[in-house]
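Participant: only geometry, no sequence info:
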């Protein structure tokens, strides 16, 4: 078996396992850690396909944003953060395993690139070839309608999340700018006439 084939099966097995654990785990912290591992493994497959820009974008955008998304969900669901902090050390073994798997994947790719084991019979791209330019050209020519549809779906998700957070009776005091604009001085100030009392 070639080294490149071994790396592909190794990364794919981790990706399938992490994806299954994301949807089967009940603990949201464990699910988020497995989601990070799944994104990282998927970026490794992109590297094998010589799509380095997509791999870096997957790591920077999704792995970087998934924790923000997780925190946003925690705040929306009103989970007791003190209780989560109490069990911090219980997440350390799983976090260590996820980190070790990510380091193993990076080590395999660095080792294979250094010794030229990831090269294959597939013709390599020219030196002046830009991966970013090719992705941009395809995205805004052949796939412009799916791209716009994805943006509409994301917009609907943002509106739905905002509507979910604003439902119910608002407990915080808020200011209405419309009422402030149309207010009159007579409504703001009331003069009280009180009889003066002379001290004895």
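Facilitator: Thanks, I have the structure now. What you see is a predicted model, and the numbers here were worked out from it, not measured in a lab. Numbering: from 1, shown residues only.
Participant: next SSE after the lowest-mean-pLDDT helix or strand in the chain?
Facilitator: Sorting the helices and strands of the chain by mean pLDDT, DSSP states H and E puts helix 81-86 at the bottom, at a mean of 60. Counting by DSSP states H and E, the next helix or strand C-terminal to helix 81-86 is helix 92-114.
Participant: buried ones in that next one?
Facilitator: The neighbour-count check on helix 92-114 (16 or more other Cβ atoms under 10 Å) flags 94, 98, 101, 102, 105, 108, 109, 112 as buried. From N, CA and C alone the C-beta is placed, and that goes for glycine too.
Participant: what pLDDT does the nearest residue to residue 21 once chain neighbours are set aside get?
Facilitator: Nearest residue to residue 21 in three dimensions, chain neighbours excluded: residue 34, at 4.2 Å (Cβ to Cβ, 6 or more residues apart in numbering). For residue 34, the pLDDT comes out at 86.
Participant: now the helix or strand harbouring residue 145, how far from the chain's geometric center?
Facilitator: Residue 145 belongs to helix 144-166 when assigned by DSSP H and E. Put simply, helix 144-166 sits 15 Å off its chain's centre (Cα atoms, centre = their mean, to the nearest Å).
Participant: again with stretch 92-105
Facilitator: On Cα atoms, centre = their mean, the centre of stretch 92-105 falls 19 Å from the chain's centre.
Participant: who's in contact with that stretch?
Facilitator: 10, 11, 14, 30, 33, 34, 36, 37, 40, 41, 44 (Cβ atoms under 8 Å, 6 or more residues apart in numbering).
Participant: neighbours of the fifth one, just the number please.
Facilitator: Residue 33 has 24 neighbouring residues, counting by other Cβ atoms under 10 Å.
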